[in-house]
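Participant: Just need the structure, nothing else, for what follows:
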Amino acid sequence: MTPPLFLVAAAALAGDRVVIDGPEGRHASEVRRLRSGEDIWVSDGAGTIVEGVVAAVARGAVTVDVVRRHDVAPASPRFVVVQALAKGGRDEDAVEAMTELGVDEVVGWAARRAVAKWTLRTQSRWEAVARSATKQARRPWLPLVSGPATTAQVADRLSGAALAVVLHEAATQPLPAPPAEGDVVVVVGPEGGIDDDELATFRAAGAQVCRLGDTVLRASTAGVAALSAFSATTRWRQPLG
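Facilitator: Got it, this is the predicted structure:
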């Protein structure tokens with residue numbers, strides 16, 4: 001079984017021993033109940049991973065002896081999903097699944113037809129979900145989470161992308177082949193759909209309007225499906241390790 005991954009500040013990874021404290025240390029010692037001698041991974045969420053062995057466990061802290069240290073380069077192409085807000089926590093479900101799949105950045109979008117509204121709690125919840133999913137997936141890179149972006153700001157991201165795609169249920173064009181490098185930006189609309197003015201703005205910014213198969217997907221699954229399709233022809237074809 002793959003060892004558990006914990007996230008710490010980059011400065012904590014210096015030296016032959018790493019101390020996991022704070023909320024992560026409490027989780028490691030009191031929730032996971034790690035014991036001396038167990039294998040463990042520790043990362044800064046910015047590409048560095050330390051493989052180690054638990055040397056000591058105290059209340060709220062775990063000390064790790066470093067066995068191996070390595071850096072993982074950012075994945076290419078870079079996947080950015082502009083996710084419209086959704087009610088009932090479906091946007092959080094999307095952030096969780098997309099993080100596990102390898103999304104590099106999630107941008108919250110205040111779409112016109114979105115029922116849910118962005119609050120400070122939205123930012124903190126999305127960041128917490130992304131952090132938890134990063135650990136679950138044993139990812140060396142923690143995705144960026146930001147928002148809320150306006151439609152004009154989303155259009156700016158689309159205009160600068162190597163590939164810009166807007167998912168839309170009325171489209172007839174399938175997903176294009178992704179580039180090997182650069183940003184692939186995917187826009188996922190709200191449950192009420194992307195309105196005509198928003199769609200026109202995105203088209204003017206150079207986005208291709210595409211559909212995923214014959215079914216209409218929820219806001220919580222459309223981005224996940226698009227990332228899977230793009231990964232199948234890019235990242236998942238690359239050698240592991």
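Participant: Quick check: closest non-adjacent residue to the spatially most central residue of the chain.
Facilitator: Compute the mean C-alpha point of the chain, and by Cα atoms, centre = their mean the closest residue is residue 99, 3.1 Å away. Spatial nearest neighbour of residue 99, excluding adjacent residues (Cβ to Cβ, 6 or more residues apart in numbering): residue 133 at 3.7 Å. Backbone N, C-alpha and C define where each C-beta goes, glycine included.
Participant: Show me what counts as buried in the helix or strand encompassing that neighbour.
Facilitator: Using DSSP states H and E, residue 133 maps to helix 120-137. By 16 or more other Cβ atoms under 10 Å, the buried positions in helix 120-137 come out as 122, 125-127, 129-131, 133-135.
Participant: Take those and write them to JSON lines, including pLDDT and distance to residue 224.
Facilitator: Listed next are the buried residues of helix 120-137 as JSON lines, based on pLDDT from 0 to 100; distance: Cβ to Cβ, whole Å:
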{"residue": "122", "pLDDT": "94", "distance to residue 224": "19"}
{"residue": "125", "pLDDT": "96", "distance to residue 224": "18"}
{"residue": "126", "pLDDT": "97", "distance to residue 224": "15"}
{"residue": "127", "pLDDT": "97", "distance to residue 224": "19"}
{"residue": "129", "pLDDT": "97", "distance to residue 224": "14"}
{"residue": "130", "pLDDT": "98", "distance to residue 224": "14"}
{"residue": "131", "pLDDT": "97", "distance to residue 224": "18"}
{"residue": "133", "pLDDT": "98", "distance to residue 224": "12"}
{"residue": "134", "pLDDT": "98", "distance to residue 224": "16"}
{"residue": "135", "pLDDT": "97", "distance to residue 224": "19"}
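Participant: Pipe those residues into TSV and attach distance to residue 178 per row.
Facilitator: Putting the buried residues of helix 120-137 into TSV (distance: Cβ to Cβ, whole Å) gives the following:
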residue	distance to residue 178
122	29
125	29
126	24
127	26
129	25
130	22
131	26
133	22
134	22
135	27
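Participant: The nearest residue to residue 16 once chain neighbours are set aside pairs with what?
Facilitator: Nearest in space to residue 16, with sequence neighbours left out and distances taken as Cβ to Cβ, 6+ apart, is residue 66 at 5.2 Å. Per DSSP bridges, the residues bridged to residue 66 are residue 52.
Participant: Nothing else from me, thank you.
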